[in-house]
Every structure is written in C-alpha cells, then in structure tokens.
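In: Show me the folded form of this:
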Amino acid sequence: MLDLLAQMRPRRADAARNFDALVAAAREAFGELGTDASMDEIARRAGVGNATLYRNFPTREVLVEAVYLSGVQGVCDYAEELGTDDDPADALVAWLRRFVVLANTKRAFIEGLAFNPSAYPAAHDALYAAGGPLIARAQEAAQIDPGLDIDDVMRFAIGVSVGLYRDDAQRERVFSVAMKGLVSPSPSPRLP
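Out: Residues are numbered from 1 along each chain as shown. Sure, this is the predicted structure:
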C-alpha cells in the first residue's frame, strides 16, 4: 500500500520515531484543541524540543497535512486488513465507518489544508485504490449493486459524513440506515 507520508518521514530511525511522535501528539492536540493548538504544546506532548518540531514541520500547515495524511493512511491500511474478512459486506461497512470518521475529522483540517491543497489528490487516489477491492468483493458476493463503482460509494459515504448532526450517536444511526440501503443480502437489480 502507498505510504502517504514516505516523502515527509525522515529515514534515520530516531528521527522517524520523533516524526511519528509529533504526528500522534498533533492528532491528539488538534482533536482536543482544534488546529490552533500551540506548537509548543504539541512538542511537549511528543516529548521533543521545539527545534525537533520545526525541523520536521517548518509550518503549522505542513504538520496539519501530515496529521491528515496519517489518518488517510490509517483508513487505507484498514482496508487492506479487511481484505480477507469472511463477509465482504461487513468488511465494506467497517471500512466505510472508518472513512466516515476520517471525513468528519477532515472538517477540522480544511482550514489548515487550504494553504497546501496538494494533500487532497494523493488522499483521494489512495482512498479510492484502497476501497475499490472491498467494493469488488461485495459485488462478487452479490451483497451490493453491481452497477456501483468506487466513486458512487465514496460520494454516498461522504454525503452521510458531511451532514450536521446533534451528536455522534445520531451520525451513527444515520450511517447505519444508509448502510442498510447500500448493503443487502439480496441486492436490488442493477441501477439504470
């Protein structure tokens, strides 16, 4: 699977560990405090000095992009893990659930990524490449409409994820209902 952070991550083992610690600390800090979390706080959480932070991520935008791409990479890796699941429909739904969570958190990154939108095409391509085989397996098992393609399914999932919900429980209820429409033991005939 494509490593979306390969060009950003240092090659030396200790430097790569610092890089990964900074990305994890930033993900945590951004989740709690938003993308305006202080760079000092992120360095502190990662257990490194500010010089190490800025050597890896010269700007906040570069760090936000790395956190976003790390999330995308996690969703792509999860698709690979699910590729051997016994039930293709369950695997697809589990992957789409993880994707919807990522898409929901992407909102927090949109402002930070506006500076460098190059992360979007790479993320798009990686997600489509990761989800395509899951969709094909579900179609081969006659669990989703054979007329759907990865773009159809991703747009459907994005439509569910971008809604404004009262809370996570409501988002999950809507997601569950949407998945019942996408996946069924007896799929509807091919869409026109």
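
In: Going by C-alpha atoms from here, please, whenever you check contacts or count neighbours.
Out: Will do.

In: quick one: the residue positioned nearest the centre of the chain from residue 25, how far?
Out: A centroid search over the chain (C-alpha atoms, centre = their mean) returns residue 72, at 3.4 Å, as the residue closest to the centre. Distance, residue 72 to residue 25, by C-alpha to C-alpha, to the nearest Å: 17 Å.

In: doesn't residue 101 make contact with the residue nearest to the centre of the chain?
Out: No. Residue 72 is beyond contact range of residue 101, at 10.6 Å (criterion: C-alpha atoms under 8 Å).

In: helix or strand right after the lowest-mean-pLDDT helix or strand in the chain?
Out: Least confident helix or strand, the chain: helix 88-113 with a mean of 81, by mean pLDDT, DSSP states H and E. With elements assigned by DSSP states H and E, the helix or strand that comes after helix 88-113 is helix 119-140.

In: Next up, the contacts around residue 134.
Out: 79, 82-83, 88, 91-92 (C-alpha atoms under 8 Å, 6 or more residues apart in numbering).

In: Give me the distance between it and residue 87.
Out: 10 Å.

In: what do you get for residue 37?
Out: Residue 37 is 41 Å from residue 87, by C-alpha to C-alpha.

In: now the helices for this structure?
Out: 13-33, 39-46, 50-56, 60-82, 88-113, 119-140, 150-161, 168-182 (DSSP state H).

In: most tightly surrounded among those helices?
Out: Greatest average neighbour count among the helices of the chain goes to helix 60-82 (a mean of 21), per mean count of other C-alpha atoms under 10 Å.

In: For residue 43, state which of the contacts of residue 134 is nearest.
Out: residue 79 (31.1 Å; C-alpha to C-alpha).

In: mind listing what the closest one touches?
Out: Applying C-alpha under 8 Å, 6+ apart to residue 79 gives the contacts 95, 130-131, 134.

In: Quick check: pLDDT value at it.
Out: Per-residue pLDDT puts residue 79 at 96.

In: same deal with the one 3 residues further on?
Out: Looking at residue 82, its pLDDT reads 95.

In: Please apply the same query to the one 4 residues further on.
Out: Note on residue 86: pLDDT of 89.

In: do you know how far it is from residue 134?
Out: Separation of residue 86 from residue 134 (C-alpha to C-alpha): 12 Å.

In: care to break the chain down by domain?
Out: Recorded structural domains for the chain (assignment: automatic domain parsing) are 9-58, 61-182.

In: Dump those to TSV, plus distance to residue 3.
Out: Formatted as TSV, these follow (distance: least, C-alpha to C-alpha, whole Å):
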stretch	distance to residue 3
domain 9-58	10
domain 61-182	7
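
In: which stretch in those is the model least sure about?
Out: domain 61-182 (a mean of 87).

In: That domain: how far from the chain's middle?
Out: 6 Å (C-alpha atoms, centre = their mean, to the nearest Å).
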